[in-house]
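**Q** Kindly return the folded structure for what I paste below:
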Amino acid sequence: MLPRKVLSIVLLAGALSACSPQSPSSPLGSIPATAAGAGTPAVGIASATAQLGARIYNGNCVPCHQQNGAGIPGVYPGMAGSPVIVGDPAALALWVIKGQRPASMPAGRYSTQMLQFGWLKPADAAALFSFLRSNFGNSAPPVDADTVAKVLGP
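**A** Predicted structure coming up:
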């Protein structure tokens, strides 16, 4: 069996290589039938925004946070009930896009660091955040592109 440090490095390297930015206009791929686990519908994939949010999540977030949003305990946080996800959309935008850790996510809780997704345009980020806030057992209101743009500034 590999020593724990070596195994951790191998797992982290694999996850990071899979987390590279992908174009949100790539094919839809597999949208989970359930994002919350326990049989809850992922989304009513009725709108283009919902489809875009699911596509961005599947193309960029799944390697770390997993298809079901459960994360990897002690390494990557889960999405369900996360105060970062369901809390202030401004803090979520600054965390995901600029890497500014929100107060609701204490430093040192996870052994990894969140990648910055600075390539996301406000509309793409809003679609992703709305997807996260309405899936995995979450029921927070959607986020609009103007809110994201205002937080990020020029």
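**Q** Show the residue spans covered by the helices in this protein.
**A** For the chain, the helices defined by DSSP state H cover 4-18, 48-56, 62-65, 83-86, 89-98, 122-133, 145-152.
**Q** hey, which of these is tucked in deepest?
**A** helix 122-133 (a mean of 24; mean count of other C-beta atoms under 10 Å). Every residue, glycine included, has its C-beta placed from N, CA and C.
**Q** by contact count, what packs against that helix?
**A** For helix 122-133, the elements it packs on are helix 48-56, helix 83-86, helix 89-98, helix 145-152, judged by 3 or more C-beta pairs under 8 Å, 6 or more residues apart in numbering; DSSP states H and E.
**Q** contacting residues around it?
**A** Helix 122-133 is contacted from outside by 24, 43, 49-50, 52-54, 56-57, 61, 69, 79, 85-86, 89, 92-93, 96-97, 117, 120, 138-149, 152, using C-beta atoms under 8 Å, 6 or more residues apart in numbering.
**Q** count of neighbours near residue 66?
**A** Each residue near residue 66 was counted by other C-beta atoms under 10 Å, and the total is 16.
**Q** ok, so what distance separates it from residue 136?
**A** Counting by C-beta to C-beta, to the nearest Å, the separation of residue 66 from residue 136 is 10 Å.
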